[in-house]
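Chemist: Predicted model follows, preceded by the sequence.
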There are 2 protein chains.
Amino acid sequence: MSAKPFSSVWTRERKGGREQGLSRDQIVRAALELLDAEGLDALSMRKLGARLGAGATSLYWHVANKDELIELVMDEVYSGVVVPEAADWREAASVFAYGMRQAVFDHPWSASLIGVVPALGPNALTSADRLMGAFVRAGFEGIDVDYAMTAVVSYTLGATIPEVAFLSSLKATGKSVTELQAAVDPLMTKLAADRPNLRERYRSYTHQNFDPIVARRLAFEFGLMALLDGLGTRLR
Amino acid sequence: MSAKPFSSVWTRERKGGREQGLSRDQIVRAALELLDAEGLDALSMRKLGARLGAGATSLYWHVANKDELIELVMDEVYSGVVVPEAADWREAASVFAYGMRQAVFDHPWSASLIGVVPALGPNALTSADRLMGAFVRAGFEGIDVDYAMTAVVSYTLGATIPEVAFLSSLKATGKSVTELQAAVDPLMTKLAADRPNLRERYRSYTHQNFDPIVARRLAFEFGLMALLDGLGTRLR
DNA sequence: GGTCACCTCGAACAGTGTGCGAGTAGTGTC
DNA sequence: GACACTACTCGCACACTGTTCGAGGTGACC
């Protein structure tokens, strides 16, 4: 156990200086572009440096290490989710959920990072604050505010991550949905032999020619509404 | 776009052979041990080979590449979650949710993989089949079976991933919860200035000396019950 | 003109996943 | 017993990776 101090970019004082040449914001922006264009694996310090017309090791003046850089870029993702300041709690929660979902869709590489990297950046915090405000105004009391908010965030995360991961692996292979179905089909029919419920469901899917992408979206709506209903009964 | 075929371990025929010396199961078991003991970053083909008394490249006879290996090990994680075959749907959903949560707790490295890696292994599929069966028996109809099940899985995932990630980053630094709170505190008080709801919540947390670990667990229960309530009203 | 903090960056280190091709060992056939 | 063939192991090499170190430059202030 090396017992290095807990450190997030956000817990350190930012270096203040002359800010000529490279700047932290510039680096973060370039990293975001690179990630959006080529995905998580394509982000290397050397490539990022090259993109900025700088040496790879120059970046280390502005950023402690790659993990910190990623924390910074992740907060940019949160900047895409805006929660209305004065709104009904259900409205606020919905807007948050769909906003978050969209933000991850816009930056698919974030799917494998979003619950894992600490979200202490300014954008993440303002989103959380806004959402929390809506729950407070709605009448949730004490620790329930936290619980209710966490529930919405959890559901949104858990629904979005696999959805986006699926879509990007699809894009990476260059196959269409139907091609993929064809690839998975033999496996499915074989494994579904002693899994009756799965088999039945799979059959009705393929027969109806149901687009799994729109199905996912409908599923997101369904679960979110159910959760909000359940939270609603806990008001008072 | 390289257009390589979509491939998962589960979509390929398994090599049949003499099975002397190394075997795929043996490799997967050793990988699981290594991951549990030292975490995701510690898993390298060379280290894994050494652990098995074999050369690193020998592994490539039994496993196409590291990603495939990880798919295989991930299915071992799912083996920890068992869903009772005959049970009330709420009971089944609860057992699944807590089982999944526990499985990720038992293998913290899986937190950053669990929604991202395709879950087409036998263990993942039987869990899904059992859970689905419970919803079918409960009376959910048509696509609602899917929606309801997906909602439970999504919530469980989204709640568990950050929780486990937080705990393992805590363990990695070797700090206690209170030490971490002390580290984050100056940041918090500074940033909470123009985030009134967050500030209020943060104050009541630190004043009550509330253990965030048990708080997380209570939050999990709260959200799960709310979701199940909401799903219940959609029966009939 | 000198000093000093800010900033850049090439070289080097210790790793990583994996393709290739040579080599070995065990089984089946004549 | 000889031969062929398949299953399997593995050293080498390649093209990367994140990061440290220390040497240099460059502009601002005294």
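Modeler: Now that the structure is in, tell me what you want to look at. Numbers count the residues shown, from 1 in each chain, chains lettered A, B, ... in the order given.
Chemist: Please tell me how far A:Val177 sits from DNA strand C.
Modeler: Distance, A:Val177 to DNA strand C, by Cβ to the nearest atom of the strand, to the nearest Å: 25 Å. Yep, even glycine has a C-beta here, placed from its N, CA and C like the rest.
Chemist: and that residue, what does it touch?
Modeler: The contact partners of A:Val177, by Cβ atoms under 8 Å, 6 or more residues apart in numbering or on different chains, come to A:Leu170, A:Asp211, A:Pro212, A:Ile213.
Chemist: and the third one, how many neighbours does it have?
Modeler: Per other Cβ atoms under 10 Å in any protein chain shown, the neighbour tally for A:Pro212 reads 16.
Chemist: just to revisit the earlier point, buried subset of the contacts of A:Val177?
Modeler: The neighbour count (16 or more other Cβ atoms under 10 Å in any protein chain shown) marks A:Leu170, A:Pro212 as buried among the contacts of A:Val177.
Chemist: In helices only, show me the contacts of A:Val177.
Modeler: The helices, defined by DSSP state H, take in A:Leu170, A:Pro212, A:Ile213 from the contacts of A:Val177.
Chemist: Was I right to think the first one contacts A:Thr178?
Modeler: Which is A:Leu170. No - using Cβ atoms under 8 Å, A:Leu170 is not in contact with A:Thr178, being 11.2 Å away.
Chemist: Going by distance to chain B, which of the contacts of A:Val177 wins?
Modeler: Distance to chain B across the contacts of A:Val177 (Cβ to the nearest Cβ) is lowest for A:Leu170, with 7.6 Å.
Chemist: Quickly find the element holding the residue lying closest to the closest one once chain neighbours are set aside.
Modeler: Nearest residue to A:Leu170, sequence neighbours excluded (Cβ to Cβ, 6 or more residues apart in numbering or on different chains): A:Leu180, at 6.4 Å. In the assignment (DSSP states H and E), A:Leu180 maps to helix A:177-191.
Chemist: starting at the chain centroid, how far to that helix?
Modeler: For helix A:177-191, the gap between its own C-alpha mean and the chain's C-alpha mean amounts to 28 Å (Cα atoms, centre = their mean, to the nearest Å).
Chemist: next structured bit after that helix?
Modeler: Immediately after helix A:177-191, counting by DSSP H and E, sits helix A:196-208.
Chemist: With chain B in mind, check whether that next one reaches it.
Modeler: Yes - residues of helix A:196-208 contacting chain B under Cβ under 8 Å from any Cβ of the partner chain: A:Pro196, A:Asn197, A:Leu198, A:Glu200, A:Arg201, A:Ser204.
Chemist: Spell out which parts of chain A neighbour DNA strand D.
Modeler: Taking Cβ under 7 Å from any atom of the strand as the criterion, chain A approaches DNA strand D at residues A:18, A:20, A:43-47, A:56-57, A:60, A:65-67.
Chemist: Now distance to DNA strand C and pLDDT too, for the ones in helices among the contacts of A:Val177, in a markdown table please.
Modeler: What follows is those, written out as a markdown table (distance: Cβ to the nearest atom of the strand, whole Å; pLDDT from 0 to 100):
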| residue | distance to DNA strand C | pLDDT |
| --- | --- | --- |
| A:Leu170 | 19 | 90 |
| A:Pro212 | 27 | 80 |
| A:Ile213 | 28 | 84 |
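Chemist: Out of these, flag the one nearest to B:Asp229.
Modeler: When the ones in helices among the contacts of A:Val177 are ranked by distance to B:Asp229 (Cβ to Cβ), A:Pro212 comes first, at 27.8 Å.
Chemist: Next, the spatially closest residue to A:Asp106 that is not a sequence neighbour: secondary structure please.
Modeler: Nearest residue to A:Asp106 in three dimensions, chain neighbours excluded: A:Gly80, at 6.1 Å (Cβ to Cβ, 6+ apart). Recorded secondary structure, A:Gly80: coil (DSSP: H, G, I helix; E, B strand; the rest coil).
Chemist: Pretty sure A:Gly80 sits against A:Arg101.
Modeler: No - applying Cβ under 8 Å as the test, A:Gly80 and A:Arg101 come out as separate, 10.4 Å apart.
Chemist: Those two: which is more packed in?
Modeler: Neighbour comparison, A:Gly80 and A:Arg101: the larger count goes to A:Arg101, with 20 against 16 (by other Cβ under 10 Å).
Chemist: Need phi/psi at that one.
Modeler: The phi/psi pair for A:Arg101 (degrees, to the nearest 10) reads phi -60, psi -50.
Chemist: so how far is A:Ala219 from it?
Modeler: Computed with Cβ to Cβ, to the nearest Å, the distance linking A:Arg101 and A:Ala219 is 12 Å.
Chemist: Same check on A:Arg199?
Modeler: A:Arg199 is 20 Å from A:Ala219, where distance means Cβ to Cβ.
Chemist: quick one: which of the two has more around it?
Modeler: Neighbour totals were compared for A:Arg199 and A:Ala219, and A:Ala219 leads with 22 against 16 (other Cβ under 10 Å).
Chemist: which ones are touching the more buried one?
Modeler: When contacts are counted by Cβ under 8 Å, 6+ apart, A:Ala219 touches A:Ala159, B:Asp146, B:Tyr147, B:Thr150, B:Ala151.
Chemist: Narrow the residues you listed to those in helices?
Modeler: If you go by DSSP H, the contacts of A:Ala219 have A:Ala159, B:Asp146, B:Tyr147, B:Thr150, B:Ala151 in helices.
Chemist: Need the max-distance pair from those.
Modeler: Maximum distance among these (Cβ to Cβ): 12.8 Å, for A:Ala159 and B:Asp146.
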